[in-house]
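Q: fold the following and give me the result.
(one chain, ligands or ions: 1)
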Amino acid sequence: MSWNTFTENTYVNQELDFSLDYSLMGVEPSWFEKMEPKMQVAFEAMRELEGGAIANPDEGRMVGHYWLRAPHKAPDESIESAIKDCLQSIEAFAGRVHRGEITGAGGAFEHLLVIGIGGSALGPQFVAQALGQPGEDRLKLHFFDNTDPDGMDLTLANLRGQLDRTLAVVISKSGGTPETRNGMLEAVQAFLTEGIEFGTQAVAITGDGSKLDQVAIEEDWLARFPMWDWVGGRTSELAAVGLFPAALQGLDVRTMLSGAAAMDALTIEQETRENPAALLALLWYHATNGKGEKDMVILPYKDRLMLFSKYLQQLIMESLGKEKDLDGNTVYQGIAVYGNKGSTDQHAYVQQLREGVNNFFATFIEVKKDREGASIDVDEGTTSGDYLHAFLLGTRAALAEMGRSSLTISIDEVNARTVGMLIALYERAVGYYASLVNINAYHQPGVEAGKKAAAGFLKLQADLLAFLKDNKGKYFSVPELASTLKAEEQAVTLFKLLEHALLNPAKGIERKLSKKPFDSTYGMS
Ligand SMILES: O=P(O)(O)OC[C@H]1O[C@H](O)[C@H](O)[C@@H](O)[C@@H]1O
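A: All right, here's what the predicted structure looks like:
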């Protein structure tokens, strides 16, 4: 690629030490011109959103995550002061914990157990890993981000005997997410086994008046911090959801916020070629034909950014993956996101990226600074970091050679400022892309279906167990149970429930094996 092609297709911001190189995306200048009217509509929609419009029409909500880093931009003073007060109270609380003024039963807190899922976990996990300094962090972070009992046991194994120095924070915007509630109940039990009343070492971050909020009030937990309905879960990293764990960990939350604010200021500007979020949204549109025809592969060449793709997966796929557009047309929109880190992935799936199905575009994230301090030479005059960088350049070139598109984001180093910038950049790009394809990026109607179905299955399991208990000593085949329970359509589910119960003996279910696997009978003795 020529120097001119590179310079004409690379956005640079020297003040932020940030650049976005799209010279390998194969976009003609005339295409940007063609898209300009659409982009201007997107800019206008974003201005209105920032001004407090109901940008999430289905839920009748404002979309205010940009105000979190520029509270003066909030549409009214009560919101402005709520944001400021929240940050101050988080900092004050963290300060008291760090100074040993708020302690656990066993003394100063050393650990923070974060209980949350989705938007209430992915941001904190990403930031904790990106900015943490093992051994130096004020509190060590641990997560319950699922309702997997074994997963929770794994987390607790690192905390055994130390729960009296463990602060717990339960994070749930809605305050009713089952995985988080279960995580909380499991934590309550674990704390009890070490003689600690959970509430004396617990904090809640949730919507005002939610179920979780009520529990925290009734049990007189240490503190409660707000989640507002105008902040979506997946854009809540810079609300209490992300700021609280980060502040307790000892990270520089003010710098993270100012990095995001600087990126916000840049990406609200209506000059497309000077706006990296607008460029990103347009590049996604170009690569995917505005229909998600290609997947987004995120390849940061830096271990600290390994969880960025997981974080972006929710931000992008939950925002853009929609059946209907804003006019009610069926569109099946979205962009699939995956990735991990380079050069590790070069030894896994990059083979397919280079030679296999061309159904993706890559996003390389280049971090110029290798490490704090000096590096040894691994070859004469060459360091491990030089290898990492050369592998990035090598993979980029190898993909380009085969006509596979990629864009490259460059930052100087991974720090609080650049992490804030990256979060803000992608939040804005998602908003612009949603406008370009005319969808609501701020709701998630699709996630309810699985939750409702699960609730139905739990009810069926309760009916099944009750029936077998009432008929102790009798054994039934799956079709017999389906018919008795008037759940003829649910035979497969009953089979799954029975087989699961067998491996969890507390349920008391037994199986009489038949030679044919699906003729086995089940009962209780
Ligand atoms: O914070 P919570 O209300 O517990 O929600 C946690 C997550 O669960 C839901 O399923 C939503 O799809 C996510 O957007 C959300 O981040």
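
Q: ramachandran angles for the nearest residue to residue 223 once chain neighbours are set aside?
A: Spatial nearest neighbour of residue 223, chain neighbours left out: residue 203 (4.8 Å); criterion: CB to CB, 6 or more residues apart in numbering. Any C-beta I mention is one placed from the backbone N, CA and C, and that applies to glycine too. Per-residue torsions, residue 203: phi -130, psi 150 (degrees, to the nearest 10).

Q: and the gap between residue 203 and residue 188?
A: Relative to residue 188, residue 203 is positioned 14 Å away (CB to CB, to the nearest Å).

Q: swap in residue 393?
A: 51 Å.

Q: of those two, who's got more company?
A: Taking neighbours as other CB atoms under 10 Å, residue 393 and residue 188 compare with residue 188 leading, 17 against 13.

Q: so the more buried one sits in a helix?
A: Yes. Residue state for residue 188 (DSSP: H, G, I helix; E, B strand; the rest coil) corresponds to a helix.

Q: how about the closest residue to it other than its chain neighbours, what does it touch?
A: Once flanking residues are discounted, residue 188 sits nearest to residue 198: 4.3 Å by CB to CB, 6+ apart. By CB atoms under 8 Å, 6 or more residues apart in numbering, residue 198 lies in contact with 168, 184, 187-188, 191-192, 219.

Q: most neighbours among those, which one?
A: residue 168 (30 neighbours).

Q: tell me what the host helix or strand of it is packed against?
A: If you go by DSSP states H and E, residue 168 is part of strand 166-172. Secondary-structure packing of strand 166-172 (3 or more CB pairs under 8 Å, 6 or more residues apart in numbering; DSSP states H and E): strand 111-115, helix 178-193, strand 202-206, helix 211-218, helix 240-249.

Q: ranking these by burial, who's on top?
A: Across the helices and strands packed on strand 166-172, the average number of neighbours (mean count of other CB atoms under 10 Å) peaks for strand 202-206, which reaches a mean of 28.

Q: contacts (any at all) between the ligand and it?
A: No. Using CB under 6 Å from any ligand atom, we find that strand 202-206 stays clear of the ligand, coming within 7.8 Å at best.

Q: which positions in this protein make contact with the ligand?
A: By CB under 6 Å from any ligand atom, the part of the chain that sits against the ligand consists of 117-120, 172-174, 177, 180, 233-234, 318, 444, 447.

Q: any weak-confidence spans in the chain?
A: Regions of the chain meeting the criterion pLDDT under 70 are absent.

Q: make a markdown table from the helices and strands packed on strand 166-172 and add distance to residue 389 to it.
A: Below are those laid out as a markdown table (distance: least, CB to CB, whole Å):
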| stretch | distance to residue 389 |
| --- | --- |
| strand 111-115 | 33 |
| helix 178-193 | 40 |
| strand 202-206 | 39 |
| helix 211-218 | 45 |
| helix 240-249 | 28 |
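
Q: using the three-state scheme, assign the nearest residue to residue 345 once chain neighbours are set aside.
A: Nearest residue to residue 345, sequence neighbours excluded (CB to CB, 6+ apart): residue 299, at 6.3 Å. Assigned with three-state DSSP, residue 299 falls in the strand class.

Q: quick thing: my sequence starts at 7, can you match it?
A: With 7 as the first residue, the last one maps to residue 305.

Q: partners of residue 305 in the sheet?
A: Under DSSP bridges, the beta-bridge partners of residue 305 are residue 370.

Q: next, count neighbours for it.
A: Residue 305 has 28 neighbouring residues, counting by other CB under 10 Å.

Q: repeat for residue 353
A: Using other CB under 10 Å, residue 353 has 9 other residues around it.

Q: same question for residue 105.
A: 10.

Q: please tell me how far it sits from the ligand.
A: In this structure, residue 105 and the ligand are 30 Å apart, going by CB to the nearest ligand atom, to the nearest Å.

Q: again, but for residue 136
A: Going from residue 136 to the ligand by CB to the nearest ligand atom gives 19 Å.

Q: all strands of the stretch 7-156 of the chain, in order?
A: When assigned using DSSP state E, counting those that start in this stretch, the strands of the stretch 7-156 of the chain occupy the ranges 16-19, 24-27, 109-110, 113-114, 117-121, 146-150.

Q: domain parsing for this structure?
A: Per the TED database, the structural domains of the chain span 9-57+272-449, 71-257, 452-530.

Q: about what we covered before: wait, which of the contacts of residue 204 is closest to residue 332?
A: Closest to residue 332 out of those is residue 190 (36.9 Å), distances taken as CB to CB.

Q: residue contacts, the nearest residue in space to the closest one that is not next to it in sequence?
A: The spatially closest residue to residue 190, leaving aside those adjacent along the chain, is residue 176, at 5.0 Å (CB to CB, 6+ apart). By CB under 8 Å, 6+ apart, the residues touching residue 176 are 121-122, 186, 189-190, 193, 208-212, 218, 222.

Q: please repeat the previous calculation with a cut-off of 10 Å.
A: Residue 176 makes contact with 119-122, 126, 150, 186-187, 189-190, 193, 204, 208-212, 218, 221-222, 227, according to CB atoms under 10 Å, 6 or more residues apart in numbering.

Q: can you name the residues bridging to it?
A: Bridge pairing for residue 176 - DSSP bridges - gives residue 121, residue 210.

Q: what comes up buried for stretch 409-427?
A: Across stretch 409-427, burial judged by 16 or more other CB atoms under 10 Å covers 410-417, 420-427.

Q: taking these one by one, which sit in helices?
A: Within these, residues falling in helices by DSSP state H are 422-427.

Q: make sure residue 305 is actually in contact with residue 354.
A: No. Contact criterion CB atoms under 10 Å: residue 305 and residue 354 do not qualify, at 11.2 Å.

Q: list residues touching both of these two?
A: In contact with both residue 305 and residue 354: residue 346, using CB under 10 Å, 6+ apart.

Q: tell me the secondary structure at residue 235.
A: From three-state DSSP, the assignment for residue 235 is coil.

Q: skipping adjacent residues, who's closest to it in space?
A: In space, and not counting its chain neighbours, residue 235 is closest to residue 67: 5.6 Å by CB to CB, 6+ apart.

Q: list the contacts of the one you found.
A: Here residue 67 is in contact with 60-61, 234-238, 448-449 (CB under 10 Å, 6+ apart).

Q: the same query, at a cut-off of 7 Å, please.
A: Neighbour list for residue 67: 60, 235-236 [criterion: CB atoms under 7 Å, 6 or more residues apart in numbering].
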